[in-house]
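Asks: My questions concern the predicted model and sequence given below.
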Amino acid sequence: MDNQQPVPSVQPGEPPTLRYLDPEQVRVFRSEDGRLRATIADELSILAPRFLRVQPLTDPDRYISIREADPNGKEAGLLRRWRSLAPESRELVGIELDRRYLYPTVRRILSVRNFWGLVQCVFETDRGVREVTLRDVHDNVIYLGEARVLLTDAEGNRYDIPDVAALDPDSRAQLARII
Amino acid sequence: MAAADRLPEVIRKAVARAAPDAEIRVAAASDLGADGRYGERWLVLAGDRVLVLAPDGAEATTRVDLPLKDISEVVVDNLVGGGMLQAVVGGYKLDLLSYTNALSERFGRVRGQLDAAAKDKPIPDQPERQRRCPMCGLVLGVETKVCPRCVRKGAVLRRLLQYARPYRASLVLVGALMLAAAGFGLAPPYLTKILVDRVLIPRAEAHLLVWLVAGLAGSSVLSTIMGIWRGRVAAWVGGRVSFDIRARLYERLQWLSLRFFDQHPTGALISRLTQDSGGVQDFLAFGLPWIASNAIGVIGVAAAVFVINWRLALLALIPAPLVSLLSRALWRRMHRAFHSFWYRWGRFHTLINDAFSRIKIVRAFAQQPAEIERFRLRNADLLGASVYAEQTWATLMPLVGMLIASGSWLVWYFGGLMIVGSRGPTVGDLMAFLAYLAMLYGPLNGLTQSAQWMSRALTAAERIFEVLDAEADSEKARGHVVPETIRGEVEFRNVVFGYEKHQPVLKGLSFKVAPGQMLGLVGKSGAGKSTIINLLCRFYDADEGEVLIDGVSLRDLDLSFYRARLGVVLQEPFLFNGTIAENIAYGRPDATREEIMAAAKVANAHDFIVNKPDGYDEQVGERGGKLSAGEKQRLCIARAILHDPAVLILDEATANVDLETEDQIQQAVARLIEGRTTFAIAHRLSTLRNAHNLLVLEEGKLAEFGTHDELEEKKGVYYRLLDIHRKTSMIKAVSR
């Protein structure tokens, strides 16, 4: 066998901990050449940082992970409430989040047509009106709790209905025809 | 170039303004605007300028205008729910435009094209795979090109009926029986009419009674016999036809190239074999005869009522359109209610299944109350849906029945008036008429639904034909060279290959292995090791370059001949449900028991096999589930030894086995590779040391090539990998 070396003793070391950032220490800005940059206190400066939602579905604005640009890059820390950042930083983080998370929220269901196992719907979303084709609807519905529904269409796009009960009666009736 | 043709006028003009006289080399539309809302933006490569334009009424705004020479690379940033095409300019990623998941494939392709242009390479011209029906724009599933809306029903039906051709005689019989049954079915009301008019009302001619009743009984018996006979013959023909179709389909699938399987999820293929062919069978055995006999029945009955009294017939038909419309609406409502019920039933089922399959976890974490509450919620949901569905049924069914009967009210009233006024029809006429009417509405109602039924069956048939027609991809068609023997010299000559053609995994790989030598493949996961194996097995063909066996291109070599001389031992041991002996002899079903045992002995498997209660006849269970990991591996080795291949592929196992078993496996492997050209994906240092040469891969390219000692000396990529390996195997040794 290969392992003739003496068996080393493995030390557990310090357990890793999460770092929560104080919004006052975090600054997000565009440098003179237009590049996005984030600084944390005086210790860390990240070029082209990525802002990721830790729980994009259940509570998207709670906990934002600030990370290095590289997909395998390190986490600089977590923001509990990013909206408490200073105005300039807040605006830039908001733009970044909006850019990355393309989940439209359905406001109204304008029409539903059912044929041959396909469902063609027209959704009015916060990003505009979109015609959507659903296939194998039941495999592509996620229920979050009792009121929230996520639908994935045949092209892999996801649509969020945060509260079915809050839809207008007509939309609800249309929805009842698919799920 | 064709890229320019698709451009809308407003974009074309804006491009002409921004880059006069430039050739449009790449153009693609995105479905998101700059504000992240749905909209339209265009990316255009015009000459040496990259432009992003947004149509804005009659004008177009230029969002990005970049000289191609500034761009070092074009990349995609995978967003959540879509993607962002980015240009790397001076080491910094610049957003070009974003798109939703619907267009990720398109922009994956565009990325490749722009990247090639930025690097001064020829722009690859790959056609966009159609995900929408070219006729109506409906989004199609990933696994099919058949649009349920546009499928040409006549053509498909004709083709389907061609499969029924060998059974022509039976079909003619079915037709004749249908006509006869319909004819006999028409007799009873007519006999009733004679009975009423000549016997019952005049209270006379009692001698006719026996004949009339005999006629009633006879026609009923004959019509029933014909119906049974017809049903049996039709069931046989339908079954035969779908048997033929299934057989053709399965044979086809066994020979289709693996690329086809990559593009078509297994589940979809299984459903073609089971559901689609089942749907076709239902339609042929039951639906088509049912539709035909109903149609014949309707025509016959309609003729009969018009012959008896055309005025009454017209009266009776007045409510028909309304009845048909209303009952369709009611049916739809009922269908919806039941659909919702069945759906909830499915969710309910999933919940129970889920709960029982993790019963230990539930207990371990003391979560019974939470589970009970979850169940209660779902159960209540089911209750609501089931009550709604049943109540809808209880309400609507009688309504439909009443609607169907409504035509008869008019007939009773006006027919009665006519009889009382002695203006034409007799009481017998009226009775016969009503009887015919009752026979008319049922089939008529059914026929209105047959259109949808037919569409569904024909779509299923078309999906089946789609597989049958995928001729070009067949493995059978390729390679005719049959050499006397294979010595086992393997050469990769400048091989480029990607599972998706725009994303190459191997990027121009060349190397050569002498017969009987062992080559160790080394590299991080994703470097292309398994891809080399896939090409060597000829599961796929190289996109560029060639794989040569003894100097003959794999493309030209007879595939069955080659595969018979190729042995594979994979990391995930493949066993099927059967006995140990059957599993060992999979590649050589004609092997004798002694040959099987000899192979098992060499593979260090014989002893554990004999110790099983049923020895070589022991069932291994599904995927060998009744055997341990080490046992499964040794069976696979025994199989390869029995197969006696010239070229061996070894994806070494790293399964958790005890040290002694590990030793036995190692020993078996050493005996197996002796004297064969071996390609090993090596995980063990010992294998690496034993290999004649090592091929170190880095991102699809050859990084290093040489013996273990040479490469260790070199202190390059291999040395670093080795270092990591030593550390992890130390940890593994500790964790044992």
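Replies: Alright, I've got the coordinates.
Asks: who does the least confident helix or strand in chain A by mean pLDDT touch, helix- and strand-wise?
Replies: The least trusted helix or strand in chain A, going by mean pLDDT, DSSP states H and E, turns out to be strand A:141-144, with a mean of 80. Applying 3 or more CB pairs under 8 Å, 6 or more residues apart in numbering or on different chains; DSSP states H and E, one finds that strand A:141-144 makes contact with strand A:148-152. (Each C-beta comes from the backbone N, C-alpha and C, glycine too.)
Asks: The strand it packs on and chain B, are they touching?
Replies: No. Using CB under 8 Å from any CB of the partner chain, strand A:148-152 stays clear of chain B, coming no nearer than 9.1 Å.
Asks: which other residues reach stretch A:100-112?
Replies: When contacts are defined by CB atoms under 8 Å, 6 or more residues apart in numbering or on different chains, stretch A:100-112 is touched by residues A:50-53, A:56, A:60, A:119-127, A:129-130, A:151, A:157-162, A:167-168, A:170-171, A:174-175, A:177-178, B:32, B:36, B:79-82, B:98, B:100.
Asks: Straight-line length of that stretch, end to end?
Replies: Length of stretch A:100-112, first residue to last, CA to CA, to the nearest Å: 29 Å.
Asks: List the buried residues for that stretch?
Replies: With burial defined by 16 or more other CB atoms under 10 Å in any protein chain shown, the residues of stretch A:100-112 counted as buried are A:Arg100, A:Tyr101, A:Leu102, A:Tyr103, A:Pro104, A:Val106, A:Arg107, A:Ile109, A:Val112.
Asks: Take the residues you listed and lay them out in JSON lines including secondary structure and pLDDT.
Replies: Shown next, in JSON lines, are the buried residues of stretch A:100-112 (DSSP: H, G, I helix; E, B strand; the rest coil; pLDDT from 0 to 100):
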{"residue": "A:Arg100", "secondary structure": "helix", "pLDDT": "88"}
{"residue": "A:Tyr101", "secondary structure": "strand", "pLDDT": "87"}
{"residue": "A:Leu102", "secondary structure": "coil", "pLDDT": "85"}
{"residue": "A:Tyr103", "secondary structure": "coil", "pLDDT": "83"}
{"residue": "A:Pro104", "secondary structure": "coil", "pLDDT": "90"}
{"residue": "A:Val106", "secondary structure": "strand", "pLDDT": "93"}
{"residue": "A:Arg107", "secondary structure": "strand", "pLDDT": "93"}
{"residue": "A:Ile109", "secondary structure": "strand", "pLDDT": "93"}
{"residue": "A:Val112", "secondary structure": "strand", "pLDDT": "89"}
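Asks: Out of the residues you listed, flag the one nearest to B:Lys360.
Replies: A:Tyr103 (35.9 Å; CB to CB).
Asks: The closest residue in space to B:Gly498 that isn't next to it in sequence: what's it in contact with?
Replies: Nearest non-adjacent residue to B:Gly498, counting by CB to CB, 6 or more residues apart in numbering or on different chains: B:Pro504, 4.0 Å away. Residues near B:Pro504 by CB under 8 Å, 6+ apart: B:Val496, B:Phe497, B:Gly498, B:Asp543, B:Gly700.
Asks: The second one pairs with what?
Replies: Each beta-bridge partner of B:Phe497 is listed here: B:Leu506, as defined by DSSP bridges.
Asks: Burial check on residue 62, number of neighbours?
Replies: You didn't pick a chain, so chain A it is. For A:Arg62, the neighbour count with other CB atoms under 10 Å in any protein chain shown is 14.
Asks: that's the other chain; I wanted chain B
Replies: Neighbours of B:Thr62 using other CB under 10 Å come to 14.
Asks: residues contacting it?
Replies: Counted by CB under 8 Å, 6+ apart, B:Thr62 has contacts B:Ala14, B:Ala18, B:Leu51, B:Val52, B:Leu53.
Asks: Go through the regular element (helix or strand) spanning B:Arg328 and flag the buried ones.
Replies: Using DSSP states H and E, B:Arg328 maps to helix B:320-357. Of the residues in helix B:320-357, B:320, B:323-324, B:327, B:330-331, B:334, B:337-341, B:343-344, B:347-348, B:351, B:355 count as buried by neighbour count, 16+ other CB under 10 Å.
Asks: again with stretch B:387-400
Replies: B:Ala389, B:Thr392, B:Leu396, B:Val400.
Asks: do the same with stretch A:113-125
Replies: Those would be A:Asn114, A:Leu118, A:Val119, A:Gln120, A:Cys121, A:Phe123, A:Thr125, for stretch A:113-125 by 16+ other CB under 10 Å.
Asks: One more: stretch B:200-213?
Replies: In terms of neighbour count (16+ other CB under 10 Å), stretch B:200-213 has its buried residues at B:Leu212.
Asks: quick one: average pLDDT of it?
Replies: The average pLDDT within stretch B:200-213 is 87.
Asks: again, but for stretch A:163-172
Replies: 91.
Asks: Centre of the chain to it, how far?
Replies: Centroid separation for stretch A:163-172 versus its chain: 24 Å, with CA atoms, centre = their mean, to the nearest Å.
Asks: Distance across it, terminal residue to terminal residue?
Replies: Stretch A:163-172 end-to-end distance (CA to CA) = 10 Å.
Asks: Can you name the residues in contact with it?
Replies: So stretch A:163-172 is contacted by A:Val106, A:Arg108, A:Ile109, A:Ala147, A:Arg148, A:Val149, A:Ile161, A:Leu175 (CB under 8 Å, 6+ apart).
Asks: Tell me which stretches of the stretch 601-736 of chain B form strands.
Replies: B:647-651, B:677-681, B:693-698, B:701-706 (DSSP state E, counting those that start in this stretch).
Asks: Dump the ones you listed to CSV, plus distance to chain A, mean neighbour count and mean pLDDT.
Replies: Compiled in CSV, the strands of the stretch 601-736 of chain B are given as follows (distance: least, CB to the nearest CB, whole Å; neighbours: other CB atoms under 10 Å in any protein chain shown; pLDDT from 0 to 100):
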stretch, distance to chain A, mean neighbour count, mean pLDDT
strand B:647-651, 18, 24, 87
strand B:677-681, 16, 25, 89
strand B:693-698, 16, 21, 88
strand B:701-706, 20, 17, 88
